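In: Provided below for reference: sequence and predicted model.
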Amino acid sequence: LERVASRTVGRKREIAATLDWLISRGLAGIHGYLRDRQGDSLVKEGGGFWQISPFIDGVELARPDYAFEAWRGQALARFLIDLKETSQGIPFGRPGRPFSIAEFIRDLMAKIARHAPGCCAAVRKVYENLEACLFPVHDRIPAAFCHGDPHPVNVIWGEEGIRGVIDWEFSGYKSEIYDAALVLGCLGMEDPEALAGPMALAFIGELRASGHFDSSSFAVLPEFVTAVRFAWLSDWLRKKDGDMVEMETDYLNLLHGSRERLRLAWRR
């Protein structure tokens, strides 16, 4: 049961409709919100709005050990492949205006330069590399409907597979490789060695083998992983969490320095 802020009611209804649309087309691992007698996914009661979704039991992740388990990479890749197939033609998530991580980072860097110059200096080289290597080709990468935050902790795991995928707040049209880049970035934050570990390699291998993702996406995958981490940096800055800001800037520089090693490892 979740209480919903009135300012997010429209977005919450869109997410509920999105999940129902995907369920109707057979996407496994999706559990829609329950609806009232009038068919609404939101109920107004006690001065507020409420949503309720089914409880799905799962097996807790052992962190960071899970990041080295190949079967999880294969299972998560298959979910993203199925999502890409199933969501063809989905009318939700701004299909006419995909989210641009390039625009987001440029705007963020302008704000950081004004309000957190030390942080700006710490990620300047990372940003300059993205400007040179990713941003010029960003708009040529195919767009697709994405989950937006398929962090492995947003997956309800069973003993041998996925029972559910939750937290669709950031779903919408983005570069087709966005979800994959986010997953890889999260694995590296658990343990940098996981970036070229069994889960990561199984994950990328399954995506490549599917033939559902363009070669242009894989060509800039290390840069896209780095780019997506700027969204996390933005969140830590907004929360004024200095320790996490420092950790994230260190991680961004680690990804930047490892990009060619990762590009080679992810081609295998």
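Out: In hand now; what should we look at? Numbering: from 1, shown residues only.
In: burial count for the residue lying closest to Leu1 once chain neighbours are set aside?
Out: Ranked by CB to CB, 6 or more residues apart in numbering and with sequence neighbours excluded, the top spatial neighbour of Leu1 is Ile52, at 5.0 Å. (Each C-beta comes from the backbone N, C-alpha and C, glycine too.) Neighbour count for Ile52, taken as other CB atoms under 10 Å: 14.
In: now do Phe92
Out: By other CB under 10 Å, the residues close to Phe92 number 17.
In: follow-up on the earlier one: let me see the contact set for the residue nearest to Leu1.
Out: 1-2, 33-34 (CB atoms under 8 Å, 6 or more residues apart in numbering).
In: how about it, phi and psi?
Out: Geometry field for Ile52 lists phi and psi as phi -140, psi 140, criterion degrees, to the nearest 10.
In: Any figure for the gap between it and Arg94?
Out: 27 Å (CB to CB, to the nearest Å).
In: helix or strand for the spatially closest residue to Ala116 that is not a sequence neighbour, which one?
Out: Nearest non-adjacent residue to Ala116, counting by CB to CB, 6+ apart: Leu237, 6.3 Å away. According to DSSP states H and E, Leu237 maps onto helix 221-238.
In: so after that helix, what's the next helix or strand?
Out: Immediately after helix 221-238, counting by DSSP H and E, sits helix 242-257.
In: tell me which residues of that following helix are tucked away?
Out: Buried residues in helix 242-257, defined by neighbour count with 16 or more other CB atoms under 10 Å: 245, 248-249, 251-252, 254-256.
In: what's it packed up against?
Out: Secondary-structure packing of helix 242-257 (3 or more CB pairs under 8 Å, 6 or more residues apart in numbering; DSSP states H and E): helix 117-122, helix 124-133, helix 178-190, helix 221-238.
In: Flag every buried residue along whichever helix or strand comes after it.
Out: For helix 242-257, the following helix or strand on the C-terminal side (DSSP H and E) is helix 259-265. Of all the residues in helix 259-265, those buried under the rule 16+ other CB under 10 Å are 259, 262, 265.
In: List phi and psi for Ser175.
Out: Residue torsions, per degrees, to the nearest 10, at Ser175 are phi -60, psi 140.
In: typo on my end, Ile162
Out: Reported as degrees, to the nearest 10, the phi and psi values for Ile162 are phi -100, psi 130.
In: can you check the one 5 residues further on too?
Out: In terms of degrees, to the nearest 10, the main-chain angles of Asp167 are phi 60, psi 70.
In: so it sits right up against Asp149, yeah?
Out: Yes: between Asp167 and Asp149 there is a contact under CB atoms under 8 Å: 5.7 Å.
In: okay, these two: which has more neighbours?
Out: For Asp167 and Asp149, the more surrounded residue by other CB under 10 Å is Asp149, and the numbers stand at 21 against 15.
In: pLDDT averaged over stretch 242-250 - what is it?
Out: Across stretch 242-250, pLDDT averages out at 98.
In: Just give me how far it sits from the chain centre.
Out: Centroid separation for stretch 242-250 versus its chain: 20 Å, with CA atoms, centre = their mean, to the nearest Å.
In: which residues touch the residue nearest in space to the middle of the chain?
Out: The residue lying closest to the centre of the chain (CA atoms, centre = their mean) is Asp149, at 3.0 Å. Residues in contact with Asp149 (CB under 8 Å, 6+ apart) are 167, 169-170, 182.
In: same thing with Glu190?
Out: Taking CB under 8 Å, 6+ apart as the criterion, Glu190 is in contact with 63-64, 66-67.
In: and with 7 Å instead?
Out: 63-64, 67 (CB atoms under 7 Å, 6 or more residues apart in numbering).
In: So which of those residues wins on neighbours?
Out: For those, neighbours were counted using other CB under 10 Å, and Ala67 has the most, 24 neighbours in all.
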